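1. here are the coordinates; sequence isn't available:
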Ligand SMILES: Cc1cc2nc3c(=O)[nH]c(=O)nc-3n(C[C@H](O)[C@H](O)[C@H](O)COP(=O)(O)OP(=O)(O)OC[C@H]3O[C@@H](n4cnc5c(N)ncnc54)[C@H](O)[C@@H]3O)c2cc1C
Ligand SMILES: Nc1ncnc2c1ncn2[C@@H]1O[C@H](COP(=O)(O)O)[C@@H](O)[C@H]1O
């Protein structure tokens, strides 16, 4: 089985977000970047499939040189190849999807994994975009997957339950938390990753449709009040919820 | 030529999701402000009976796409229908809910229509005839205002944010559209839907009662559950208790869980780590119960009680019961 995992390089969840001097993007000073958490589930699942059914796992990332760090982590987890689609431009999701799918089309994998969403712009759009561009099926928010007779059975999360989806291959799948427990790179893996090359490819151009006019911080929430301590405060809390907050 | 807006109204089991009314109303509002016409699309196996109800939220014309194979959601077939309708109607703006279904559907439609996609919008406004959308990024730590420069523009709207108002009782006219679906449009199909608990999902609930490590163990969550049931609320959880295996993944609220915006969020024994706050700080009213008066959750809470959840949860349940006459 030939598997490609698309991975992204994003500010970690501890990041204190500040607006940059252009007023449109993040102030990157002091920000620590990590492998997008959902992409860890995607990588783990790809590696497990390879361990069970054989094949090859490639990780690809589109972005600047800094994305090599994230590809290095994927290599340390055990993927066979890392490919950087070198691109320093600001892009919208459709643009990224076009450039990724141009390369994916050439690679013609059986399975393409992405994460449920990038935790920077939270678009959660890539699986559908890539799949539509490649004209293959897709399943998003996958929490369980099984390969059966050239098809796949996935469980995907929906509101209040799960859908069981059957899909033909090749397909694009988006990994959700709960799919698996990602491995930590072993010391051996980390050492091996250092000697594995990261291939670099240049990308073409893609139109940009979504224009950011302004990035801003949400209005700070006004300080709330401590209603009181212990059980004695309960009736007052309920009264405030009803009379002041006009709930219930 | 008049400009046109297409809103996609979601239903499950032939009943509208609340988001269906939200996208209809938002579509109507933007249509009025841009001098456009609104058309609403419903897809399913037998939706003719429910379709007129959208008239109560501003729709005058509703298109329905019916086929037995559309009883359950199919990404590819739904995308084909939405894109075809948008083309035929020459819609320049498309609204889809940012629900599980809508988030899956919208990217495909965007590619088919070469439309710029703005996902998970929490506000819309019109400036010089153009739609400006606001959406949270970095899990709500910042917002961006964006506009779309393609001919067709696609926006998904976060559920529970755009208020649909009350049903004014108007009925919409309903037109059936003819479909040219082939089996090739069903390459991925939903075999079955497994519905979990009787409680609402955190992303759809009006009230969420959420628990963290302060509950000490999975055996104590019945305290939360019984309070939730009195309120008709969903049960939420911090990542700490999900990772510990006390609660299922789909209850996790936060940056790597669900983003929620209920009317009322009651955080019990949750410290309020940045990653948790990211997922729930857009709740309209936040109540925190924590024994540590310095817990960060109190900084975002509208109302707090400093105390022991084991004492307060049962008392709170009794008080709500009294209030609701249960
Ligand atoms: C990459 C990444 C992603 C993450 N994503 C998420 C996410 O999506 N969602 C999320 O929630 N977290 C997330 N986290 C984890 C987050 O950082 C916190 O560890 C987690 O939210 C803490 O959970 P908690 O509040 O239940 O536990 P704790 O921080 O241990 O807090 C327990 C609280 O309970 C109180 N308490 C104890 N006993 C009682 C009692 N008897 N009565 C009342 N109060 C009591 C304590 O005072 C304390 O404030 C993420 C972390 C990382 C690194
Ligand atoms: N620049 C990128 N390079 C490679 N993969 C990406 C990139 N951006 C997003 N992805 C993938 O798409 C998934 C969903 O991202 P998004 O639609 O941006 O929220 C991520 O989890 C990644 O797997």
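-> Thanks, I have it. This structure is a prediction, so every number in the text was calculated from the model and none was measured. Ligands and ions are numbered 1, 2, ... in the order given.

2. show me the contacts for the residue nearest the centre of chain A.
-> Note on chain A: the residue nearest the mean C-alpha position is residue A:115, at 3.4 Å, using CA atoms, centre = their mean. By CB atoms under 8 Å, 6 or more residues apart in numbering or on different chains, residue A:115 lies in contact with A:7-8, A:36-42, A:174-175. All C-beta atoms are positioned from the backbone trio N, CA, C, and that covers glycine.

3. ok, residue A:64 to ligand 1 distance?
-> Between residue A:64 and ligand 1 the computed distance is 22 Å (CB to the nearest ligand atom, to the nearest Å).

4. just the pLDDT at the closest residue to that residue other than its chain neighbours, thanks.
-> With sequence-adjacent residues excluded and distances taken as CB to CB, 6 or more residues apart in numbering or on different chains, residue A:64 is closest to residue A:88, at 4.9 Å. Reported pLDDT at residue A:88 in the predicted model: 92.

5. just residue B:204 next, same as before
-> pLDDT, residue B:204: 89.

6. for the nearest residue in space to it that is not next to it in sequence, give its distance to ligand 2.
-> Of all residues beyond its chain neighbours, the one nearest residue B:204 is residue A:159 (5.4 Å), with distances taken as CB to CB, 6+ apart. Distance, residue A:159 to ligand 2, by CB to the nearest ligand atom: 19 Å.

7. residues near residue A:159, how many?
-> The local packing of residue A:159 (other CB atoms under 10 Å in any protein chain shown) involves 22 other residues.

8. likewise for residue A:19?
-> 17.

9. and residue B:290, by the same measure?
-> That count, for residue B:290 with other CB under 10 Å as the rule, works out to 26.

10. and residue B:225, how many neighbours?
-> Count around residue B:225 with other CB under 10 Å applied: 15.

11. cool, and residue B:256?
-> 20.

12. tell me the contacts of the closest residue in space to it that isn't next to it in sequence?
-> Nearest non-adjacent residue to residue B:256, counting by CB to CB, 6+ apart: residue A:37, 5.4 Å away. Counting by CB under 8 Å, 6+ apart, residue A:37 touches A:13, A:115, A:119, A:177, B:256.

13. filter those residues to keep only those in contact with ligand 1.
-> Among the contacts of residue A:37, the ones lying near ligand 1 by CB under 6 Å from any ligand atom are A:13, B:256.

14. next secondary structure element downstream of the longest strand along chain A?
-> Using DSSP state E to define each element, chain A has its longest strand at strand A:138-148. Counting by DSSP states H and E, the next helix or strand C-terminal to strand A:138-148 is strand A:151-158.

15. can you check the pLDDT for residue 161?
-> Assuming you mean chain A. 89.

16. should've been chain B
-> Residue B:161 is given a pLDDT of 91.

17. measure residue B:110 to residue A:231 for me?
-> 53 Å (CB to CB, to the nearest Å).

18. nearest to ligand 2: which residue in chain A?
-> The nearest approach of chain A to ligand 2 comes at residue A:115, 2.4 Å away (CB to the nearest ligand atom).

19. any idea what that residue is bridged to?
-> residue A:175 (DSSP bridges).

20. show me what the lowest-mean-pLDDT helix or strand in chain B is in contact with.
-> The least trusted helix or strand in chain B, going by mean pLDDT, DSSP states H and E, turns out to be strand B:188-195, with a mean of 88. Contact partners of strand B:188-195, identified using CB under 8 Å, 6+ apart, comprise A:137-139, A:153, A:155, A:158, A:160-168, A:171, B:72-76.

21. which of the residues you listed are buried?
-> A:137-139, A:155, A:158, A:160-163, A:165-167, A:171, B:72-76 (16 or more other CB atoms under 10 Å in any protein chain shown).

22. next, count neighbours for residue A:55.
-> 16.

23. what sits against the residue lying closest to it once chain neighbours are set aside?
-> In this structure, residue A:55 finds its nearest non-sequential neighbour in residue A:1, 3.7 Å apart by CB to CB, 6+ apart. Residue A:1 makes contact with A:49-50, A:53-56, A:110-111, A:147 under the criterion CB under 8 Å, 6+ apart.

24. out of those, who's nearest residue B:96?
-> Of all these, residue A:111 has the smallest distance to residue B:96: 26.7 Å, by CB to CB.

25. buried residues in the longest strand of chain A?
-> Under 16+ other CB under 10 Å, the buried positions of strand A:138-148 are A:138-145.
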